[in-house]
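[1] A predicted structure for the sequence below; I have some questions about it.
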Amino acid sequence: MLPTVADVLSLDTVRRGDPTVVAGADRLSGRVRWVHVGEITDIAPLLRGGELVLTTGVALPPEPDKLADYVADLAQVGASGLVVELGRRFVRELPAAVVRSAEDHGLPLITLARETPFVQITESVHNMIIDSQIQELRASEQLHEIFTELSVEGASPAEVLAQVARFSGRPVMLENLAHQVLACDSAGQDVGALLASWETRSRAVSPEGRTAYDEAAGWLVTVVGARGQDWGRLILLADRPPGPRDIVLAERAATTLALGRLLERHQLSLERQAHGTILTGILSHAYADPDEAAARARAVGVPLTGRKLVSVVIRPTTLGEGAFDDQARLADLADLTAAACRDARLPALVGALDQAHVGVLLPLPPRVGAEAALNTLAERLRAAGAVLAAGSTVDSLRDVRRSFLEAEQVADVAVRQPDGRPYYRLPDLRLRGLLHLLRDDARLQTFAERELGPLLAHDAQRNSDLTRILRIYLEAGRNKAVAAQRAHLSRPAFYDRLRRLERVLSTDLDDVDSCLSLHVALLALESFRETR
């Protein structure tokens with residue numbers, strides 16, 4: 001770390017000159033980047049900031065206003081201080097204009113009462129600067145080695161934060177974008193006090209840049225993320241402005257955390273790809289021998305031989321938000337399902353089957369029934385926003401394809417009107433399931449068109465809603481009062497709609513057989529229109 005003005009004043013070479021701080025005594029903590037000897041008035045344009053200027057003042061102008069401008073120019077370019085040797089130009093003290101200007105602009109101003117070789121001062125200070133830079137390089141190299149090792153070992157966020165706290169001696173937090181603390185190392189301080197009202201405090205701190213220090217909060221904040229996808233912030237609690245070493249430490253830790261998350265997601269992605277490839281191969285009969293599929297599954301830790309097999313299809317209830325969003329939603333659901341299987345100690349092949357379904361091939365462990373396994377999996381995925389559908393339990397890989405097709409058909413029906421069951425099977429769907437299975441049959445399509453064709457044409461031509469009214473009436477069990485309420489119509493208005501329906505369909509809506517045919521046709525129409 002660069003020396004301060006106070007550090008320079010403590011050097012023997014400077015102390016021999018009998019230094020006196022005549023202005024800016026409260027600014028001696030400023031860092032000295034370099035020492036510059038200059039005897040010209042217009043030296044400020046030659047400086048870059050952080051320089052400690054040494055002068056005898058022999059070339060300075062005699063006018064008080066020009067002396068004041070000289071000091072103001074040094075402060076404006078960011079000089080860390082001005083040291084004036086007395087005796088050549090200014091005999092016992094500096095002009096009041098110089099002192100006043102230094103005070104006004106917050107520039108440390110020091111006088112040397114005795115003649116002092118400036119070369120000795122520059123050598124001493126520059127040695128301090130170089131030593132500091134070497135130490136920082138060594139510290140940076142040490143940080144690089146430690147955090148590289150953490151990255152290679154796949155260290156957890158807690159382990160990364162422990163190293164940050166050890167090197168800095170300060171508390172460090174990792175939070176997500178919702179300002180929730182994901183990991184914390186208190187560095188020996190009271191955790192409760194550190195995390196009190198954390199979200200409120202954190203939302204109030206939003207410094208600019210990817211790494212910045214908020215002086216009011218005393219927080220060094222570094223954004224954590226990679227490849228344009230930021231997901232959190234690393235926060236180092238600092239009671240004073242951080243030095244370069246602290247900044248390097250925070251940024252190196254943030255990089256390690258980001259890399260660790262990328263590697264973790266990439267590993268999960270590779271696992272899902274491997275499982276998906278095996279599932280696709282089984283369903284498409286890509287493997288000439290079932291034993292090959294079993295061997296591939298066994299290589300990824302899923303034993304299929306000698307076990308009963310249950311095919312499960314999971315379909316999200318919220319798709320259709322865009323191809324990219326749907327793909328991300330399905331990938332997240334696959335990862336969540338795989339984690340649920342691991343937590344339940346149920347070895348399984350888990351992967352996306354297409355753009356709408358996640359497939360799970362579940363080999364039942366000994367003494368574990370299908371119902372118990374499905375209930376366990378459903379419980380862990382209860383909050384996932386998806387429906388689980390199970391096919392028939394089979395004994396051979398040769399029958400898995402049939403089981404998966406059954407589960408997929410069940411999922412496609414159940415997702416339209418889920419009723420809160422933990423999972424669905426074909427018997428649960430009853431008539432809707434049968435119609436879904438037959439939805440591609442031309443005879444069913446002809447039946448639905450014959451029953452509903454005139455009504456659909458009427459609604460299309462007149463932009464009316466009689467088809468909706470018919471559905472409400474039939475789903476209410478032909479109870480006209482209940483149906484009118486559900487349709488948000490008065491009874492006379494609803495009865496008028498029913499009379500119009502009878503005229504359009506040329507049927508009697510009080511006839512049970514007619515209503516049954518119309519209801520089946522409506523259910524069939526739903527299966528035709530379902531997005532697959």
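    Nice, I can see it.
[2] what's the following helix or strand after the helix or strand harbouring residue 454?
    Assigned by DSSP states H and E, residue 454 belongs to helix 442-462. Later in the chain than helix 442-462, the nearest helix or strand by DSSP H and E is helix 466-475.
[3] show residues contacting the following helix or strand past that next one.
    For helix 466-475, the following helix or strand on the C-terminal side (DSSP H and E) is helix 480-486. Outside helix 480-486, the residues that touch it by Cβ atoms under 8 Å, 6 or more residues apart in numbering are 469, 472-473, 475-476, 490-491, 493-495, 498. Using the backbone N, CA and C atoms, a C-beta is placed for each residue, glycine as well.
[4] thinking again about what came up before, so for the helix holding residue 454, mean pLDDT?
    The pLDDT scores in helix 442-462 average 87.
[5] that one to helix 466-475, inter-axis angle?
    120 degrees (axes from the mean of the first three to the mean of the last three Cα atoms, to 10 degrees).
[6] quick one: list the elements packing against helix 442-462.
    Applying 3 or more Cβ pairs under 8 Å, 6 or more residues apart in numbering; DSSP states H and E, one finds that helix 442-462 makes contact with helix 466-475, helix 491-505, helix 512-529.
[7] quick one: which of those is nearest residue 90?
    Proximity to residue 90 (Cβ to Cβ) singles out helix 512-529 among the helices and strands packed on helix 442-462, at 94.9 Å.
[8] for that closest one, list every residue counted as buried.
    514-515, 517-527 (16 or more other Cβ atoms under 10 Å).
[9] with stretch 98-109 instead?
    By neighbour count with 16+ other Cβ under 10 Å, stretch 98-109 contains the buried residues 98-99, 101-102, 105, 107-109.
[10] do stretch 248-262 as well
    Residues of stretch 248-262 classed as buried: 248-261 (neighbour count, 16+ other Cβ under 10 Å).
[11] tell me which of these has the lowest pLDDT.
    Across the buried residues of stretch 248-262, the smallest pLDDT goes to residue 261, namely 76.
[12] wait, is that one part of a helix?
    Yes: counting by DSSP: H, G, I helix; E, B strand; the rest coil, residue 261 is located in a helix.
[13] tell me which stretches of the stretch 301-450 of the chain form helices.
    Here the stretch 301-450 of the chain has its helices, by DSSP state H, counting those that start in this stretch, at 323-343, 370-380, 400-414, 426-437, 442-462.
[14] could you pull out the helices for the stretch 51-200 of the chain?
    Going by DSSP H, counting those that start in this stretch, the stretch 51-200 of the chain shows helices at 64-76, 96-105, 118-153, 157-168, 191-195, 198-203.
[15] kindly reformat those as TSV containing mean pLDDT and distance to residue 214.
    Shown next, in TSV, are the helices of the stretch 51-200 of the chain (pLDDT from 0 to 100; distance: least, Cβ to Cβ, whole Å):
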stretch	mean pLDDT	distance to residue 214
helix 64-76	94	25
helix 96-105	94	26
helix 118-153	83	23
helix 157-168	89	16
helix 191-195	84	16
helix 198-203	88	11
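[16] of all those, which one is nearest residue 393?
    With Cβ to Cβ as the measure, helix 157-168 is the member of those nearest residue 393 (41.1 Å).
[17] what are the buried residues along that closest one?
    So for helix 157-168, counting by 16+ other Cβ under 10 Å, buried means 157, 160-165, 167-168.
[18] now tabulate those residues in CSV and tack on distance to residue 34.
    Putting these into CSV (distance: Cβ to Cβ, whole Å) gives the following:
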residue, distance to residue 34
157, 40
160, 36
161, 36
162, 37
163, 33
164, 31
165, 33
167, 28
168, 27
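[19] ok, back up a step: show only the entries of the buried residues of stretch 248-262 found in helices.
    Per DSSP state H, helices hold the following members of those: 248-261.
[20] which residue of this structure sits farthest from its center?
    In the chain, the greatest distance from the average C-alpha position (Cα atoms, centre = their mean) is reached by residue 91, at 65.6 Å.
[21] and residue 350, how far is that from residue 359?
    According to Cβ to Cβ, to the nearest Å, residue 350 and residue 359 sit 7 Å apart.
[22] wait, I meant residue 445
    Residue 445 is 29 Å from residue 359, by Cβ to Cβ.
[23] pick out whichever of these two has more residues nearby.
    Neighbour totals were compared for residue 445 and residue 359, and residue 359 leads with 26 against 16 (other Cβ atoms under 10 Å).
[24] distance of the more buried one relative to residue 337?
    Distance of residue 359 to residue 337, given as Cβ to Cβ: 9 Å.
[25] got any ranges where this protein has weak pLDDT?
    The model of the chain has pLDDT under 70 over residues 1, 227-228, 263-270, 288, 319-325, 430, 433, 436-437, 530-532.
[26] using the three-state scheme, assign the residue minimising distance to the centre of it.
    In the chain, the C-alpha nearest the mean C-alpha coordinate belongs to residue 231, at 3.0 Å (Cα atoms, centre = their mean). Recorded secondary structure, residue 231: strand (three-state DSSP).
[27] the residue nearest to it when sequence neighbours are not counted in helix, strand or coil?
    With Cβ to Cβ, 6 or more residues apart in numbering as the criterion, residue 231 has its nearest non-adjacent residue at 5.3 Å, and that residue is residue 225. Put simply, residue 225 is strand when judged by three-state DSSP.
[28] surely residue 225 and residue 233 touch.
    No: using Cβ atoms under 8 Å, residue 225 is not in contact with residue 233; the gap is 9.3 Å.
[29] ok, the contacts of helix 480-486 vs residue 378, which is closest?
    Nearest to residue 378 among these, with distances taken as Cβ to Cβ, is residue 475, at 27.2 Å.
[30] tell me which residues touch the closest one, please.
    Taking Cβ under 8 Å, 6+ apart, we find residue 475 in contact with residue 483.
[31] ok, now residue 87?
    56, 114-115.
[32] ok, residue 229 next?
    Contacts of residue 229 (Cβ under 8 Å, 6+ apart): none.
[33] residue 225 and residue 233: which has the busier surroundings?
    Shown here are residue 225 and residue 233; by other Cβ under 10 Å, residue 233 has more neighbours (23 against 17).
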